[in-house]
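Chemist: coordinates only, no sequence provided:
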């Protein structure tokens, strides 16, 4: 029996597309947009599952994970691990964008994943995928993870829930 204080928010499938280029084609074909140059570059850095697998996702804030105030991304992810949640495989970014057509307007969801080193960045910055929707456009974007950037304790992040 699965017991957790976190409820599964959404179950998605990875491995429906076999390459980064297939993901790009499908997202663009559905009129989803890729925002920011490095978000598009991330596609070439992520492993793509070659077989279809289901992944359970949870939405949680750092406050729900036991943190107060602003917290750094890595601290939030470590606290999530202590609460039975994990970072998502990076493929969750494009897969969730494709499988989340009912994202509310003016919503922004960062994906808790291992940050990806931004190619050719002179500062060695890292980034994560984010789901965005403004009034009419659905985006797969990216957020930069700096040593000095913090998330508000009420910011929802997407984590992976592992069934036991």
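Modeler: Okay, I see it. Everything quoted here is computed from the prediction, not taken from an experiment.
Chemist: and residue 22, what are its phi and psi?
Modeler: In this entry, residue 22 is assigned phi and psi values of phi -60, psi -40 (degrees, to the nearest 10).
Chemist: residue 77 now?
Modeler: phi -70, psi -40.
Chemist: could you report the pLDDT at residue 147?
Modeler: Predicted confidence (pLDDT) for residue 147: 71.
Chemist: look up how far residue 17 lies from the closest residue to it other than its chain neighbours.
Modeler: Once flanking residues are discounted, residue 147 sits nearest to residue 72: 7.7 Å by Cβ to Cβ, 6 or more residues apart in numbering. From N, CA and C alone the C-beta is placed, and that goes for glycine too. For residue 72, the distance to residue 17 equals 32 Å [Cβ to Cβ, to the nearest Å].
Chemist: quick one: neighbours of residue 27, just the number.
Modeler: 20 (other Cβ atoms under 10 Å).
Chemist: and for residue 160?
Modeler: Each residue near residue 160 was counted by other Cβ under 10 Å, and the total is 18.
Chemist: what's across from the spatially most central residue of the chain in the sheet?
Modeler: By Cα atoms, centre = their mean, the mean C-alpha position of the chain lies nearest to residue 111, the distance being 2.0 Å. When assigned by DSSP bridges, residue 111 has beta-bridge partners residue 158.
Chemist: tell me where this protein has strands.
Modeler: 10-14, 33-34, 53-60, 71-72, 85-86, 107-110, 116-117, 126-133, 138-145, 150-151, 157-161 (DSSP state E).
Chemist: want to throw those into CSV with distance to residue 96?
Modeler: Output for the strands of the chain, formatted as CSV (distance: least, Cβ to Cβ, whole Å):
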stretch, distance to residue 96
strand 10-14, 6
strand 33-34, 14
strand 53-60, 7
strand 71-72, 23
strand 85-86, 15
strand 107-110, 8
strand 116-117, 16
strand 126-133, 6
strand 138-145, 8
strand 150-151, 18
strand 157-161, 7
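Chemist: and the ones you listed, which is most packed in?
Modeler: Of all these, strand 157-161 has the most neighbours on average by mean count of other Cβ atoms under 10 Å, namely a mean of 24.
Chemist: of the strands of the chain, which approaches residue 100 most closely?
Modeler: Taking Cβ to Cβ, strand 126-133 is the member of the strands of the chain nearest to residue 100, at 6.1 Å.
Chemist: for residue 81, see how far away the residue nearest to residue 147 is.
Modeler: 14 Å.
Chemist: now do residue 22
Modeler: 31 Å.
Chemist: quick check: buried residues in the lowest-mean-pLDDT helix or strand in the chain?
Modeler: When each helix and strand of the chain is scored by mean pLDDT, DSSP states H and E, helix 37-42 comes last, with a mean of 81. By neighbour count with 16 or more other Cβ atoms under 10 Å, helix 37-42 contains the buried residues 38-39, 41-42.
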